[in-house]
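Asks: Predicted model and sequence follow; I will ask about them next.
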Amino acid sequence: MKRNSSEINAGSMADIAFLLLIFFLVSTTMDVDQGITRKLSPWDDGLKPKSSPINQRNIFTVLLNSNNQLMVEGEQIGLADLRAKAKAFINNNGNGSCAYCTTGQELSTSSDHPEKAIISLQNDRLTAYESYVAVQNELAAAYTELRNELAMQRYGLSLDQVSDLQFNQVKKCYPLLISEAEPLSL
Amino acid sequence: MSKFKKKQGGGTPAISTASLPDIVFMLLFFFMVTTVMREVTLKVENTKPKATEIKKLERKSLVTYVYVGKPKDMYASQLGSEPVLQLDDAIARVNEIGNFVISAREEINEAERPLMTVSIKADENVKMGLITDIKQELRKANSLKINYSTRKGEVFGEER
């Protein structure tokens, strides 16, 4: 004899699913981690030989004091001017050896070549983290703009459209070199 | 004998809800896949600074977090009001970072260890002295890839 099994009522399935859905909706955090990535220099225990000194004109000195005031190359400027100043410095093409620096001013007091340009960033122990990040951001923005211009000029594409290989070539032309000294009292 | 005539439904027929569970399940799976449970309870205030030139951190398993900020009000009686450091669930001192980072590195697959990143999630009001100390400890522990965690937004806000 065959027993006819009654169908299971699936009407409450939706309720159960809703319950789970609401739980996951509440517990979910959608935030992605994002930030400014930097590489620290290895710990120097004083054993390594000193590298050859760098020509002063290739160093772009940025000082940030305890009142969050900015001093660039010996003159006090606002944060809004930092990006343009950094761009002019990197792209200066002082000895005329840089084929892609089309807008270089070729000043003898500024950097020789983008690959040689080094940004020296120094801050006080009482500098606010917010301004430090803002300065790092502006310096990174200067490089991004220069890289973007080069990508446009070479490939006719903006930096986020080029292939990985092209991106790396552009990046090699404008390497991001930031040297951070130990904080002083400024 | 007259049969009762069934009422001819004048209005629209009821919408079938049979596919409702399917839709809900679809949403449910979406949230189940995207969800990340919060691993730590923050004991410090953490308003990240704003920046525009930001990169996403791709591999969560390779990232170690260091939280820095003023203790929250409910912990202020024990911890004071000066910015402190939080590693996992506990408040720590700066010289404990080295061991913390090294033990985190041990847990990562050997081939991927050089890709490990330390994400510094610091409050925007923290002074750089503490951040510098952290960076020095990280240099000593030879963990050189760091990331200053930020929010997306223009840096030119209220002050310049």
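Replies: Cool, got the structure.

Asks: Please make it C-alpha for all contacts and neighbour counts, starting now.
Replies: Fine.

Asks: which residues sit against stretch A:145-159?
Replies: With contact meaning CA atoms under 8 Å, 6 or more residues apart in numbering or on different chains, stretch A:145-159 is reached by A:87, A:91, A:100, A:162, A:167, A:170-171, A:173-174.

Asks: Using JSON lines, please lay out the residues you listed together with pLDDT, distance to chain B and neighbour count.
Replies: Below are these laid out as JSON lines (pLDDT from 0 to 100; distance: CA to the nearest CA, whole Å; neighbours: other CA atoms under 10 Å in any protein chain shown):
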{"residue": "A:87", "pLDDT": "85", "distance to chain B": "15", "neighbour count": "20"}
{"residue": "A:91", "pLDDT": "83", "distance to chain B": "19", "neighbour count": "26"}
{"residue": "A:100", "pLDDT": "78", "distance to chain B": "23", "neighbour count": "15"}
{"residue": "A:162", "pLDDT": "84", "distance to chain B": "17", "neighbour count": "17"}
{"residue": "A:167", "pLDDT": "86", "distance to chain B": "15", "neighbour count": "17"}
{"residue": "A:170", "pLDDT": "85", "distance to chain B": "17", "neighbour count": "20"}
{"residue": "A:171", "pLDDT": "86", "distance to chain B": "15", "neighbour count": "19"}
{"residue": "A:173", "pLDDT": "84", "distance to chain B": "19", "neighbour count": "17"}
{"residue": "A:174", "pLDDT": "86", "distance to chain B": "16", "neighbour count": "21"}
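
Asks: What segments of chain B are helices?
Replies: B:20-34, B:76-79, B:97-106, B:128-140 (DSSP state H).

Asks: nearest to residue B:61, of the contacts of stretch A:145-159?
Replies: Nearest to residue B:61 among the contacts of stretch A:145-159: residue A:167, at 26.2 Å, using CA to CA.

Asks: Nearest spatial neighbour of the closest one, chain-adjacent residues omitted?
Replies: residue A:159 (7.0 Å; CA to CA, 6 or more residues apart in numbering or on different chains).

Asks: Buried deepest among the helices of chain B, which one?
Replies: The highest mean neighbour count among these, using mean count of other CA atoms under 10 Å in any protein chain shown, belongs to helix B:128-140: a mean of 20.

Asks: Just list what that helix packs against, helices and strands only.
Replies: In this structure, helix B:128-140 packs against helix A:129-155, helix B:97-106, with contacts taken as 3 or more CA pairs under 8 Å, 6 or more residues apart in numbering or on different chains; DSSP states H and E.

Asks: which residues sit in contact with the most centrally placed residue in chain A?
Replies: In chain A, the centroid-proximal residue (CA atoms, centre = their mean) is residue A:140; its distance is 3.8 Å. Contacts for residue A:140 (CA under 8 Å, 6+ apart) come out as A:176, B:53.

Asks: now the helices of chain B in CSV, with mean pLDDT and distance to residue A:120?
Replies: Shown next, in CSV, are the helices of chain B (pLDDT from 0 to 100; distance: least, CA to CA, whole Å):
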stretch, mean pLDDT, distance to residue A:120
helix B:20-34, 82, 41
helix B:76-79, 80, 36
helix B:97-106, 87, 26
helix B:128-140, 87, 15
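
Asks: any low-confidence regions in chain B?
Replies: B:1-3, B:5-10, B:36-39, B:157-160 (pLDDT under 70).

Asks: So which of the helices of chain B is nearest residue A:59?
Replies: helix B:128-140 (21.7 Å).

Asks: any idea how far the closest one is from the chain center?
Replies: 22 Å (CA atoms, centre = their mean, to the nearest Å).

Asks: Please flag which of the contacts of stretch A:145-159 sit within helices.
Replies: Per DSSP H, the contacts of stretch A:145-159 map to helices at A:87, A:167, A:170-171, A:173.

Asks: Is residue A:64 in contact with residue A:74, as I believe?
Replies: No. Residue A:64 lies out of contact with residue A:74 (CA atoms under 8 Å); the separation is 11.7 Å.

Asks: Let me know how buried the residue nearest to residue A:167 is, in neighbour terms.
Replies: Using other CA atoms under 10 Å in any protein chain shown as the criterion, residue A:159 is surrounded by 22 other residues.

Asks: do you know how far it is from residue B:51?
Replies: Computed with CA to CA, to the nearest Å, the distance linking residue A:159 and residue B:51 is 19 Å.
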